[in-house]
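1. quick one: sequence and predicted model below, then my questions.
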Amino acid sequence: DLLSLKLENKGSVARDHLANERTYLAWIRTSLSMVTVGVAIRQLYRVSIDLGNDDGASAQHTAQDDPIAGKVLGVSFVLLGMVFVVMGLYRYFSSQVLMTKGRFPVSRAMVGACAAATLALLI
């Protein structure tokens, strides 16, 4: 396997690298959750239009009929999910490089930025 990094398993090397992989998978899980929330918000705004139709017929509406707030909020969550994938990749590889050198990065700024962006969308 040419793409794998081979390290001697001394001390907690394997445990640390496996924990790094689990953290990356958590970033992916969070990203997928953000995308799901974005799609759900978008669909809920469409349902509210369908329910608001008084003639009882199935609503035939175009993209112009949808409220802009639903579009913006839904797309924002999807984009935030995409950003989380990139941040997770960056965190995974930077942690891996530093762990091979016997160091480990603390990610205060990255966690703070993610929390701030998520809170901004929720408010």
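-> Done, it's in.

2. give me the below-cutoff pLDDT ranges for this structure.
-> Applying pLDDT under 70 to the chain flags the ranges 1-2, 48-66.

3. so G38 touches V75, yeah?
-> Yes. Counting by C-beta atoms under 8 Å, V75 is a contact partner of G38 at 6.7 Å. Just so you know, the C-beta spots here come from the backbone N, C-alpha and C atoms, and that holds for glycine as well.

4. who has more neighbours out of the two?
-> G38 (21 against 13; other C-beta atoms under 10 Å).

5. A69: neighbouring residues, count only.
-> Counted with other C-beta under 10 Å, A69 comes out at 10.

6. residues in contact with it?
-> Y45 (C-beta atoms under 8 Å, 6 or more residues apart in numbering).

7. host element of the closest residue to V83 other than its chain neighbours?
-> Once flanking residues are discounted, V83 sits nearest to A117: 7.5 Å by C-beta to C-beta, 6 or more residues apart in numbering. Element membership of A117, judged by DSSP states H and E, is helix 108-122.
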